[in-house]
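Colleague: this one's structure only:
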């Protein structure tokens, strides 16, 4: 087992047995589920909306070349810049050079998972820039120097008390009390200063609209609008799979994303941005840059079996639905994208061998598949990843050998009976010696062994028939 | 209606570890007038290898399965998961196999036990009496692959003297997941403990389900936690009648660590 897998096992063990953690997450997800149930009921036909979203994204993904070109043409026509970044380094370098060229000192950011993926903050900070997260959840985990715990609710694992303590330590001058309102007020006062001093705003994009050349951003706090209207330069970074064909597609994508993500009918701020400030306009940035990031996505695109992973709209529904996520939490994964989508995406994106444990860390319950608003069969992707790991010979030899032996036994009832007699006898002997529990520790650590019956069903059937 | 002749598919672990499950299913099927046969060449549907990523091995076992049941009119199985393997996962697994067509046809002739009773035989009252408080866990493949949710509840509601209560978070996985249970016991165990806590909260004496594998795991958890509730397979409740004693999980010779 490699080091990454060992760490996963260790962190999973710590978190899954942490009762306080379990309760915090359960409470958060219960609230979420109540909201989502109501949210779905607001649709005339939520299943039809899912179907339509899946169709739109599938169409876009299958014609990425055309729609990205169209998007670029439209953005450039309005005076924006489009940069095609092949990987993290390429994208980070572009942002850094742009910031240095404009003598930027402070950058405000709205929530963006893709900037987590390329580790943009660390790169900019290494070069002396001050980078402030302005989404409340992101701001909290940034103050704690932690990665986001969840792709939609980054501070889901923290209680109000923990946040109050954090604020008293980090922004003491802004804290006036410990109610929700007072804590939000403290963050707002602190962030307001950054919004007004920042020379650059960085955002992600929920969608790139090809036919109008606009980026669509959804947020609940209004921070994205401040990031895109106040600083002189706005940089939006998005994976190439974010493109959608038509503006009208947002009519179904926006509400479905909001419902799947938080149970809202629509997020509080839905923003479309098409370029820099135009003559006669009194706000907006002087420069508008869009970075289109590949970073392994075209590899997924090339594989017909994995291509639909690019449909993902990062709503986080599969994380909330996942019983493994609910028990081990977001940080145990040690990946940018956690939960089922992370376990499906990370192995093909970052290394099938190193991250194979994630594909196995699932009971394959399929709840992720049943909630996905763009109908990605996530559970099945995990099984396919497992098959791919076996195909490249990355499973340990005892497992390979035992699987071959198992199949050989199962191809004949005679061999199966022989193997089972052997197994049952061994279990009896081990048990008589008091060794069954320690040897079968992976079962007995949490559970009693099942009773071993005197006879098998096939013996009973035969005895019955003979009588 | 006249019932078709039923071929029993008894999954490998039911045969070996929980044969009472199959015995009770046979009791119920005979009681409603089914004629049964049991091809002794049967072994396993191949799911353990399939889920572990060993598709080549899984496919060879699946082909054996298709050969064994090729001539059966209708197959009934006491496991949602194994039924789902044949109906939902064989088409892809055997896509390039010479048995592909036969596998697809077999997928339409195989039914999980409760699904067979309610949807095929059209029976919800099998003449059972079970004077206990019972709750029901929706096992994952049964629920999300076979979409069987209503059938076991209808059967339970017709049992005489039963006190049926719904389980909180009944659709949340129990944590078994086959190889997952031993590859990630540190996650599977706590998932089972969450389920057990929810079961206890109902005050039920029994938790039932349509998947003996989930119940085997839950039974191990419940006994470790020394809860009042016991795990019992659906057919064992349906097989119980006034004169019968409380059904047990198997015969004596109990192996306890």
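Modeller: Yep, it's here. Since this is a predicted model, take the numbers as computed values, not measurements. Residues are numbered from 1 along each chain as shown, chains lettered A, B, ... in the order given.
Colleague: which is the next helix or strand following the longest helix along chain A?
Modeller: Ranked by number of residues, the top helix in chain A under DSSP state H is helix A:19-41. Per DSSP states H and E, helix A:19-41 leads on to helix A:46-62 as the next helix or strand towards the C-terminus.
Colleague: now do the contacts for the nearest residue to residue B:25 once chain neighbours are set aside.
Modeller: Distances taken as CB to CB, 6 or more residues apart in numbering or on different chains place residue B:235 nearest to residue B:25, at 4.1 Å, with adjacent residues excluded. C-beta: built from backbone N, CA, C; applies to glycine. By CB atoms under 8 Å, 6 or more residues apart in numbering or on different chains, the residues touching residue B:235 are B:21, B:24-25, B:27-28, B:78, B:113.
Colleague: repeat the analysis, applying 7 Å as the threshold.
Modeller: By CB atoms under 7 Å, 6 or more residues apart in numbering or on different chains, residue B:235 lies in contact with B:21, B:24-25, B:28, B:78, B:113.
Colleague: could you dump those to a markdown table with neighbour count and secondary structure?
Modeller: A markdown table is the format used below for the contacts of residue B:235 (neighbours: other CB atoms under 10 Å in any protein chain shown; DSSP: H, G, I helix; E, B strand; the rest coil):
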| residue | neighbour count | secondary structure |
| --- | --- | --- |
| B:21 | 30 | helix |
| B:24 | 23 | helix |
| B:25 | 28 | helix |
| B:28 | 24 | helix |
| B:78 | 29 | coil |
| B:113 | 28 | helix |
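Colleague: quick one: which two of those are the most distant?
Modeller: B:21 and B:28 (11.2 Å; CB to CB).
Colleague: mind listing the strands for the stretch 101-250 of chain B?
Modeller: B:110-112, B:133-136, B:163-166, B:206-209, B:230-233 (DSSP state E, counting those that start in this stretch).
Colleague: burial of residue A:352, as a residue count?
Modeller: 18 (other CB atoms under 10 Å in any protein chain shown).
Colleague: got the contact list for the residue nearest the centre of chain A?
Modeller: Per CA atoms, centre = their mean, the C-alpha nearest to the average position across chain A is that of residue A:337, at 3.3 Å. Residues in contact with residue A:337 (CB under 7 Å, 6+ apart) are A:113, A:151, A:345-346.
Colleague: ok, now which ones touch residue B:218?
Modeller: Residue B:218 is in contact with B:174, B:192, B:195-196, B:207, B:231, counting by CB under 7 Å, 6+ apart.
Colleague: from residue A:323, how far out is it?
Modeller: Residue B:218 sits 14 Å away from residue A:323, taking CB to CB, to the nearest Å as the criterion.
Colleague: please parse chain A into its domains.
Modeller: A:1-41+A:316-395, A:52-158+A:199-298, A:397-466 (automatic domain parsing).
Colleague: scratch that, chain B is what I was asking about
Modeller: Split by automatic domain parsing, chain B gives B:6-120, B:133-239.
Colleague: how distant is the shortest one from the center of its chain?
Modeller: To tie it back to what came earlier, the one meant is domain B:133-239. 11 Å (CA atoms, centre = their mean, to the nearest Å).
Colleague: now do the same end-to-end measure for that domain.
Modeller: 16 Å (CA to CA, to the nearest Å).
Colleague: helix or strand for the nearest residue to residue A:33 once chain neighbours are set aside, which one?
Modeller: Spatial nearest neighbour of residue A:33, excluding adjacent residues (CB to CB, 6+ apart): residue A:320 at 7.3 Å. Applying DSSP H and E as the criterion places residue A:320 in helix A:317-321.
Colleague: do residue A:336 as well
Modeller: With DSSP H and E as criterion, residue A:336 is part of no helix or strand.
Colleague: can you count the residues close to the residue in the stretch 201-350 of chain A that chain B sits nearest to?
Modeller: Using CB to the nearest CB, the closest approach of the stretch 201-350 of chain A to chain B is made by residue A:323 at 4.5 Å. Counted with other CB under 10 Å, residues neighbouring residue A:323 total 25.
Colleague: what sits against it?
Modeller: A:363, A:365, B:172-173, B:191.
Colleague: so, low pLDDT: which residues of chain B?
Modeller: The model of chain B has pLDDT under 70 over residues B:1, B:243-257.
Colleague: which helix is the longest one in it?
Modeller: Chain B, longest helix under DSSP H: helix B:185-202.
Colleague: what comes into contact with it?
Modeller: A:9, A:12-13, A:16-17, A:323-324, A:327-328, A:361, A:363, A:442, A:445-447, B:135, B:137, B:165, B:167-169, B:173-177, B:180-181, B:207, B:217-218, B:221-222, B:225, B:227, B:229.
Colleague: if we go to 6 Å?
Modeller: Contact with helix B:185-202 is made by A:12-13, A:16, A:323-324, A:327, A:442, A:445-446, B:135, B:165, B:167-169, B:174-175, B:180-181, B:207, B:217, B:221-222, B:225, B:227, B:229, as judged by CB atoms under 6 Å, 6 or more residues apart in numbering or on different chains.
Colleague: list the buried residues in that helix.
Modeller: By neighbour count on 16 or more other CB atoms under 10 Å in any protein chain shown, the buried set for helix B:185-202 is B:185-196, B:198-200, B:202.
Colleague: likewise for stretch A:131-146?
Modeller: Quick answer for stretch A:131-146 (16+ other CB under 10 Å): A:131-143.
Colleague: who's in contact with that stretch?
Modeller: In contact with stretch A:131-146 (CB under 6 Å, 6+ apart) are residues A:107-111, A:121, A:124-125, A:148, A:153-155, A:163, A:166, A:170, A:187, A:191, A:194, A:221, A:223.
Colleague: hmm, which of those residues are the buried ones?
Modeller: A:107-111, A:121, A:124, A:148, A:153-155, A:163, A:166, A:170, A:187, A:191, A:194, A:221, A:223.
Colleague: in helices, which of the contacts of residue A:323 fall?
Modeller: Per DSSP H, the contacts of residue A:323 map to helices at residue B:191.
Colleague: distance to residue A:22 added to the contacts of residue A:323, as a markdown table?
Modeller: Shown next, in a markdown table, are those (distance: CB to CB, whole Å):
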| residue | distance to residue A:22 |
| --- | --- |
| A:363 | 17 |
| A:365 | 17 |
| B:172 | 13 |
| B:173 | 15 |
| B:191 | 10 |
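Colleague: which two among the contacts of residue A:323 are spaced furthest apart?
Modeller: Most distant of the contacts of residue A:323, by CB to CB, are A:363 and B:172, 10.5 Å apart.
Colleague: these two: who's more crowded?
Modeller: Per other CB under 10 Å, whichever of residue A:363 and residue B:172 has more neighbours is residue A:363, with 27 against 20.
Colleague: from chain B, how far out is the more buried one?
Modeller: Between residue A:363 and chain B the distance is 3 Å, computed by CB to the nearest CB, to the nearest Å.
Colleague: so how far is stretch A:27-40 from its chain's centroid?
Modeller: 19 Å.
Colleague: repeat that for stretch A:313-328.
Modeller: 8 Å.
Colleague: compute the first-to-last residue distance for it.
Modeller: 23 Å.
Colleague: residue B:7 sits in which helix or strand?
Modeller: With DSSP H and E as the criterion, residue B:7 is inside strand B:6-8.
Colleague: is that strand up against chain A anywhere?
Modeller: No. Judged by CB under 6 Å from any CB of the partner chain, strand B:6-8 and chain A are separated, with a smallest distance of 8.4 Å.
Colleague: now do that strand: everything it contacts.
Modeller: Against strand B:6-8 from outside (CB under 6 Å, 6+ apart): B:34, B:36-38, B:72, B:74-76.
Colleague: any idea which helix or strand comes after it?
Modeller: Counting by DSSP H and E, what follows strand B:6-8 is helix B:12-16.
Colleague: how about stretch A:207-227: buried residues?
Modeller: A:207-210, A:213-221, A:223-227.
Colleague: that's all I had, so thanks and see you.
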